[in-house]
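Novice: missing the sequence, but the structure's below:
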């Protein structure tokens, strides 16, 4: 995987980028996560090829607001990486894992509370961790926690595992009961096939009801290849038949265009055009913008490049810039506060 495009590319194009109302996918992180990231980079440097060096630095809520201001963006959705401390690949005992996960989530929520509405915090939970239900219940009662970020790859979810599928369905039911929207990095290296995605839609997503669900990276894990297209098509079919769990389902476009899985430029362009064709079929109201800052570029530079590289027309880009995920709309606030 590698990055494509640079701020210089956007400047050369002569385009006039338009800032979105909301960056739906940004990250800050404490020193504990930064240390973890640096260790991971030393172990598997190829996994971080093309990524920004800022990925390994401590970032605060003030840093995030500064970047939003530079880009002229009203709000940013903070996605906590607290789930990293519960990853099966880490040799951490459950009690220590739970403590570190909770502390990282608190770091993000505190930043959101201090931002006076500029930042919206989603806590990070490994749904298979021993403390998953407890962490969900706790944050559902706390001010400043808007929902939960799940990372199936980091959690080592296998789409082919019936046992894991059932555990995940239970977590989705609990999130629905707690009225905690979910942002999901769904693509993994295990069992990510069209057949298993349909199983996931019927078994797990169906448990969400009308809970807002945001699929990160456009339904993949960044970039566009055949598997990304198959995934988006499966969700598009589910939306078309009004499958349970799809009423408030949206996709964020973070790293879809600028983080590529295909080296050949002509083939890459073909995949991107096919992705946009699926967007049009599904409906642009189902897509929101996100930068995945600091993965590639700060939001200002990221969206300037995005406007050039995403093959949409001016009207479609304007709609994307205006779109807000359902969890940010008044209707969801009224529903959440109804009880």
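Specialist: Received the coordinates, thanks. Values in this document were obtained by computation on a predicted structure and should not be read as measured data. Numbering: from 1, shown residues only.
Novice: show me what contacts residue 52?
Specialist: Shown in contact with residue 52 (C-beta atoms under 8 Å, 6 or more residues apart in numbering): 294-297. Placement of C-beta: from N, CA and C, glycine included.
Novice: Quick check, pLDDT for it.
Specialist: Reported pLDDT at residue 52 in the predicted model: 74.
Novice: Geometric centre of this protein: which residue is closest?
Specialist: The C-alpha lying nearest the average C-alpha coordinate of the chain belongs to residue 216 (C-alpha atoms, centre = their mean; 3.2 Å).
Novice: What separation do you get for it and residue 245?
Specialist: According to C-beta to C-beta, to the nearest Å, residue 216 and residue 245 sit 16 Å apart.
Novice: swap in residue 54?
Specialist: 35 Å.
Novice: Pick out whichever of those two has more residues nearby.
Specialist: residue 245 (22 against 16; other C-beta atoms under 10 Å).
Novice: Roughly how far does the more buried one sit from residue 214?
Specialist: 13 Å.
Novice: what touches both of those two?
Specialist: In contact with both residue 245 and residue 214: no residue, using C-beta under 8 Å, 6+ apart.
Novice: any weak-confidence spans in the stretch 201-339 of the chain?
Specialist: 339 (pLDDT under 70).
Novice: how about the helices in the stretch 101-250 of the chain?
Specialist: Ranges of helices in the stretch 101-250 of the chain, per DSSP state H, counting those that start in this stretch, are 132-140, 162-178, 194-203, 226-240.
Novice: Could you dump the ones you listed into CSV with mean neighbour count and distance to residue 210 added?
Specialist: CSV is the format used below for the helices of the stretch 101-250 of the chain (neighbours: other C-beta atoms under 10 Å; distance: least, C-beta to C-beta, whole Å):
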stretch, mean neighbour count, distance to residue 210
helix 132-140, 18, 17
helix 162-178, 17, 8
helix 194-203, 18, 15
helix 226-240, 19, 13
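Novice: Spatially, what comes nearest to residue 257 if we skip its sequence neighbours?
Specialist: Of all residues beyond its chain neighbours, the one nearest residue 257 is residue 309 (4.8 Å), with distances taken as C-beta to C-beta, 6 or more residues apart in numbering.
Novice: So what's the residue count around that neighbour?
Specialist: Neighbours of residue 309 (other C-beta under 10 Å): 18.
Novice: For the stretch 51-200 of the chain, just list every one of the strands.
Specialist: 75-79, 119-124, 145-151, 182-185 (DSSP state E, counting those that start in this stretch).
Novice: what's the burial count for residue 157?
Specialist: 26.
Novice: For it, list the residues it contacts.
Specialist: 128, 164, 168, 188, 190.
Novice: Same list, those, but as JSON lines with distance to residue 135 please.
Specialist: Shown next, in JSON lines, are the contacts of residue 157 (distance: C-beta to C-beta, whole Å):
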{"residue": "128", "distance to residue 135": "12"}
{"residue": "164", "distance to residue 135": "18"}
{"residue": "168", "distance to residue 135": "15"}
{"residue": "188", "distance to residue 135": "21"}
{"residue": "190", "distance to residue 135": "24"}
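Novice: Closest one of those residues to residue 176?
Specialist: Taking C-beta to C-beta as the measure, residue 176 lies nearest residue 168 of these, at 12.8 Å.
Novice: about what we covered before: wait, which of the contacts of residue 157 is closest to residue 282?
Specialist: Once C-beta to C-beta is applied, the member of the contacts of residue 157 that ends up nearest residue 282 is residue 188, at 22.3 Å.
Novice: what would the contacts of residue 52 look like in TSV with distance to residue 73 and secondary structure?
Specialist: Shown next, in TSV, are these (distance: C-beta to C-beta, whole Å; DSSP: H, G, I helix; E, B strand; the rest coil):
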residue	distance to residue 73	secondary structure
294	15	coil
295	16	coil
296	16	coil
297	14	coil
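Novice: Give me the buried entries from these.
Specialist: 294-297 (16 or more other C-beta atoms under 10 Å).
Novice: now those residues as a markdown table including distance to residue 25?
Specialist: Converted to a markdown table, the buried ones among the contacts of residue 52 look like this (distance: C-beta to C-beta, whole Å):
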| residue | distance to residue 25 |
| --- | --- |
| 294 | 11 |
| 295 | 9 |
| 296 | 11 |
| 297 | 13 |
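Novice: which among the residues you listed gets closest to residue 198?
Specialist: Nearest member of those to residue 198, counting by C-beta to C-beta, is residue 295, at 29.3 Å.
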